[in-house]
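Q: sequence below, structure please.
(2 chains)
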Number of protein chains: 2
Amino acid sequence: MSDRTRSGAGGAHAADAPRDARGDVARDETARLIAADKVNGTAVYDRAGERLGTVYDVMIDKVSGKVAYAVMSFGGFLGIGERYHPLPWSVLDCDTALGGYVVDLDRRRLEGAPSYAANEDIDWNDRAWGQRVSDYYGTRPYWDAA
Amino acid sequence: MSDRTRSGAGGAHAADAPRDARGDVARDETARLIAADKVNGTAVYDRAGERLGTVYDVMIDKVSGKVAYAVMSFGGFLGIGERYHPLPWSVLDCDTALGGYVVDLDRRRLEGAPSYAANEDIDWNDRAWGQRVSDYYGTRPYWDAA
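A: Sure thing, here's the model as predicted:
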């Protein structure tokens, strides 16, 4: 993930700015480190600034110690019809002006992406499924990353 | 972090077993992937099985996409006097029988480790402090990891 700051946005935060219930930015985020607890619940936008969803959770690869996916909740209404999309961590850009993450994907492209429903059991060990995710986003699978 | 399963514990979980409010183990943890939301709140034990604290949060290095630290809350009573200890991710072993993490540290050693109080501002960008953490645990600093 990379950081970028958009000029001209006046530092205004979107309504879905990252939660900071502890009121302690110093502890939660720095130039380089970010708390997982702060990533979760953060809004995800497309390049046009349209809100696509929020980060539901972060999946950590125990072997490499790397973040494999940010799982984004997407679509639905009041939780009904909502689906979870694992996004390779590398496709998320941090946008401090928007107060969230930006992905180079639009709603239409996300609708065709590998996803699962809230009540669906998913086998995270299924390499074929993991490969499908990385193929979709043009990244290397987390188990094959440098 | 590595996994290990202790034999003879009968699969019983400690009282502080990882929370699984969603009741969906398949989504939260697999042999290789674990949800950050599940790491947070998980108990940390020493080698003797004494409970040292719980994981308060996970700090992710945005540059490498790696987990830099699991921040453990330690000591205190009802939150008073509690301190936060950043532990390099690599010092935590997952113990499925205990239902938590095991570290090769005892209470005494932790008391001397780099830590900060709940109301203390900490500069995560301070490389000298980061170096002190990695030196204490004999690991490489997160920004220097392979």
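Q: please make it C-alpha for all contacts and neighbour counts, starting now.
A: Noted.
Q: right, and the helix or strand after the lowest-mean-pLDDT helix or strand in chain A?
A: Least confident element among the helices and strands of chain A, by mean pLDDT, DSSP states H and E: helix A:25-28 (a mean of 43). Secondary structure here is assigned by DSSP states H and E; on that basis, the next helix or strand after helix A:25-28 toward the C-terminus is strand A:33-35.
Q: which elements pack onto that following strand?
A: Contacts defined by 3 or more C-alpha pairs under 8 Å, 6 or more residues apart in numbering or on different chains; DSSP states H and E place strand A:33-35 against helix A:25-28, strand B:51-61.
Q: tell me which of these sits most buried.
A: When the helices and strands packed on strand A:33-35 are scored by mean count of other C-alpha atoms under 10 Å in any protein chain shown, the highest mean neighbour count falls to strand B:51-61 (a mean of 23).
Q: chain center to that strand, what's the gap?
A: How far strand B:51-61 lies from its chain's middle: 4 Å, per C-alpha atoms, centre = their mean, to the nearest Å.
Q: partners of it, with directions?
A: Using DSSP bridges, the strands paired with strand B:51-61 in its sheet are strand A:33-35 (antiparallel), strand B:43-45 (antiparallel), strand B:66-74 (antiparallel).
Q: circling back to that earlier point, among the helices and strands packed on strand A:33-35, which gets the worst mean confidence?
A: Averaging pLDDT over each of the helices and strands packed on strand A:33-35 singles out helix A:25-28 as the lowest, with a mean of 43.
Q: which ones are touching A:Y84?
A: With contact set as C-alpha atoms under 8 Å, 6 or more residues apart in numbering or on different chains, A:Y84 has these partners: A:Y56, A:V71, A:M72, A:S73, A:F74, A:S115, A:Y116, A:A117, A:A118.
Q: OK, contacts around the closest residue to the last one other than its chain neighbours?
A: Beyond its immediate neighbours in the sequence, the residue positioned closest to A:A118 (C-alpha to C-alpha, 6 or more residues apart in numbering or on different chains) is A:R83, lying 6.3 Å away. In this structure, A:R83 makes contact with A:S73, A:F74, A:G75, A:G76, A:S115, A:Y116, A:A117, A:A118, judged by C-alpha under 8 Å, 6+ apart.
Q: hey, what's the first one bridged with?
A: So that's A:S73. As for beta bridges, A:S73 partners with A:T54, A:Y84 under DSSP bridges.
Q: number of residues surrounding it?
A: The local packing count at A:S73 equals 25, with neighbours defined by other C-alpha atoms under 10 Å in any protein chain shown.
Q: that one and A:P114: what is the separation?
A: In this structure, A:S73 and A:P114 are 12 Å apart, going by C-alpha to C-alpha, to the nearest Å.
Q: which neighbours do the two have in common?
A: Each of A:H85 lies in contact with both A:S73 and A:P114 under the rule C-alpha under 8 Å, 6+ apart.
Q: who touches the spatially most central residue of chain A in this structure?
A: By C-alpha atoms, centre = their mean, chain A has its centre lying nearest to A:A70, at 4.2 Å. By C-alpha under 8 Å, 6+ apart, the residues touching A:A70 are A:V55, A:Y56, A:D57, A:V58, A:M59, A:P86, A:L87, A:P88, A:W89.
Q: how about it, nearest residue that isn't a chain neighbour?
A: A:V58 (4.5 Å).
Q: correct me, but that neighbour touches A:S73?
A: No: no contact is recorded between A:V58 and A:S73 when judged using C-alpha atoms under 8 Å, the distance being 11.5 Å.
Q: please parse chain A into its domains.
A: Following the assignment in automatic domain parsing, chain A carries domains at A:1-33, A:35-144.
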